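**Student:** Sequence below, structure please.
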Amino acid sequence: MDSILTAKQDLILRVIREYFLKNGQAPSLSELQKLLDIATKRGVVNHLEALERKGYIFRTSEPRGIHMVERDEEVVYEYLVGVPILGYANAGTPIVTAEEENLGVLKIDKGILRNKKDIFSLIVKGDSMDQEKIDGNEIKDGTYILVDKEANIEDGDVVVAIIENCATVKKIKRSKDMIILYPNSSNSTHQPIYLDRNTESMLNGKVVRVLENPLT
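**Tutor:** Just a heads-up that it's a prediction; the model follows:
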């Protein structure tokens, strides 16, 4: 069986995979037709049939019945959502820049995300939050934190803030005229950061989950 993909087939496979990762389900024929700018649904089906013959997908009669075939550990399951790793969060002095990086994608069960949509991940660097737990998991150096950009932020929450183009993870407290970002650490050298109350826009999201990184 010829398993070499044409450029068009490779594009279609990547579009299907990315849709799976973002939405946790396969695209419909209509959605694929629009995403790929193909004139007819028959044209989409022809490409899918080619991908199926080459062993990259299999199809069923159910709605959105496109299923990925495992190849080199790139399988994408319907119950998993892809959460992008956008860089590092400093659990210490903000020194690592907050520019978004392509550090890969975490594949996470939708049940863990609790139906949250606008989620991204960062890798923790430092120990200024190593005494803080979220759902029983410590925010230690090397762990992944999941950040909800749309969550309401209240005093005592753990947040990611952008300070002088550096991302830092801290607890938050608001007073009348300032925002205080403070550590929860076994290392007494870490101190609070005091920001003007008008810098609310520097808050980039609420940390809603901590995931162990077995590779660290």
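**Student:** And Val83, how close does it get to Ile153?
**Tutor:** Remark: distance between Val83 and Ile153 (C-beta to C-beta, to the nearest Å) = 20 Å. (Glycine included, C-beta is placed from N, CA and C.)
**Student:** who's more crowded, those two?
**Tutor:** Using other C-beta atoms under 10 Å as the criterion, Val83 and Ile153 rank with Val83 on top: 24 against 16.
**Student:** quick one: low-confidence parts of the chain?
**Tutor:** Where the chain drops to pLDDT under 70, the residues are 1-3, 70-79, 93-102.
**Student:** Domain map for it?
**Tutor:** 7-68, 80-211 (automatic domain parsing).
**Student:** Burial-wise, tell me which of these comes out on top.
**Tutor:** domain 80-211 (a mean of 17; mean count of other C-beta atoms under 10 Å).
**Student:** mind checking the end-to-end distance for it?
**Tutor:** 15 Å (C-alpha to C-alpha, to the nearest Å).
**Student:** chain center to that domain, what's the gap?
**Tutor:** 13 Å (C-alpha atoms, centre = their mean, to the nearest Å).
**Student:** same check, this time on stretch 58-66
**Tutor:** Worked out by C-alpha atoms, centre = their mean, stretch 58-66 lies 26 Å from the chain centre.
**Student:** And stretch 38-55, by the same measure?
**Tutor:** Offset of stretch 38-55 from its chain centre (C-alpha atoms, centre = their mean): 30 Å.
**Student:** quick check: longest strand of the protein.
**Tutor:** Identified as the longest strand of the chain according to DSSP state E is strand 80-90.
**Student:** Can you pull out the residues in contact with that one?
**Tutor:** For strand 80-90, the surrounding residues in contact (C-beta atoms under 8 Å, 6 or more residues apart in numbering) are 18, 20-24, 76, 96-110, 113, 119-126, 128, 144-146, 160, 166-169.
**Student:** Next SSE downstream of that strand?
**Tutor:** Tracing the chain past strand 80-90, the next element assigned as helix or strand by DSSP states H and E is strand 105-109.
**Student:** Please name the bridge partners of the residue nearest to the spatial centre of the chain.
**Tutor:** Centroid-nearest residue in the chain: Val83, 2.2 Å away (criterion: C-alpha atoms, centre = their mean). Assessed by DSSP bridges, Val83 has beta-bridge partners Leu106.
**Student:** centre of the chain versus the helix ranked longest in the chain, how much separation?
**Tutor:** For the chain, the longest helix by residue count, based on DSSP state H, is helix 7-23. Computed by C-alpha atoms, centre = their mean, the chain-centroid distance of helix 7-23 equals 18 Å.
**Student:** And for stretch 23-33?
**Tutor:** 20 Å.
**Student:** Can you give me the end-to-end span of it?
**Tutor:** 17 Å.
**Student:** How about residues contacting it?
**Tutor:** By C-beta under 8 Å, 6+ apart, stretch 23-33 touches 12, 15-16, 19-20, 35, 38, 40-41, 43-45, 63-67, 78-81, 110.
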